[in-house]
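Trainee: No letters, just coordinates:
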């Protein structure tokens with residue numbers, strides 16, 4: 001990660017498939033497990049798990065980029081902010097109809113499961129949580 005300039009935050013977002021962002025921003029808002037939090041340059045060190053939601057990258061007062069993350073981990077350190085996402089995609093690559101269908105399919109999968117094991121139930125419930133968050137993010141932006 002490049003060193004942050006004195007007035008910008010160095011930010012990197014990495015998923016298993018690709019680097020989705022490597023920028024200097026004025027602020028980045030992250031969906032932390034306990035709620036959204038904003039990170040500015042010289043933010044205090046912080047570690048946080050992420051819940052499914054949208055990362056917003058600000059340049060000035062405007063959101064320049066929005067990226068949906070399914071979960072992951074965020075670290076704020078003296079060099080900036082790095083997010084390691086389980087899976088992520090720019091909001092422009094997502095489709096509301098597809099997201100709604102994924103949510104419907106996930107809910108049906110849970111309903112159809114006969115006496116699932118605890119790990120299987122958790123996997124199915126997690127799929128519903130991610131799909132619901134994706135639908136809500138797309139409905140909010142539209």
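Mentor: Okay, I see it. Everything quoted here is computed from the prediction, not taken from an experiment. Residues are numbered from 1 along each chain as shown.
Trainee: so the residue minimising distance to the centre of the chain bridges to which residues?
Mentor: Central residue of the chain (Cα atoms, centre = their mean): residue 69, 2.5 Å from the mean position. Applying DSSP bridges to residue 69 yields these beta-bridge partners: residue 53, residue 88.
Trainee: The chain: strands as residue ranges?
Mentor: With strands called from DSSP state E, the chain shows them at 9-14, 19-25, 27-32, 35-39, 46-50, 53-59, 62-69, 72-77, 80-85, 88-90.
Trainee: by contact count, what packs against the second one?
Mentor: Using 3 or more Cβ pairs under 8 Å, 6 or more residues apart in numbering; DSSP states H and E as the contact test, the elements touching strand 19-25 are strand 9-14, strand 53-59, strand 62-69, strand 88-90. C-beta: built from backbone N, CA, C; applies to glycine.
Trainee: Would you format those strands as a markdown table with distance to residue 136 included?
Mentor: Formatted as a markdown table, the helices and strands packed on strand 19-25 follow (distance: least, Cβ to Cβ, whole Å):
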| stretch | distance to residue 136 |
| --- | --- |
| strand 9-14 | 20 |
| strand 53-59 | 9 |
| strand 62-69 | 10 |
| strand 88-90 | 15 |
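Trainee: one step back: which pLDDT value belongs to the residue nearest to the centre of the chain?
Mentor: As predicted, residue 69 sits at a pLDDT of 98.
Trainee: for residue 110, same thing?
Mentor: Predicted confidence (pLDDT) for residue 110: 87.
Trainee: who's in contact with the closest residue to it other than its chain neighbours?
Mentor: Leaving aside its sequence neighbours, residue 110 sits nearest to residue 124 (Cβ to Cβ, 6 or more residues apart in numbering; 4.3 Å). Going by Cβ atoms under 8 Å, 6 or more residues apart in numbering, residue 124 touches 106, 109, 110, 113, 116.
Trainee: ok, back up a step: correct me, but the residue nearest to the centre of the chain touches residue 91?
Mentor: No: counting by Cβ atoms under 8 Å, residue 69 does not reach residue 91; the two are 10.8 Å apart.
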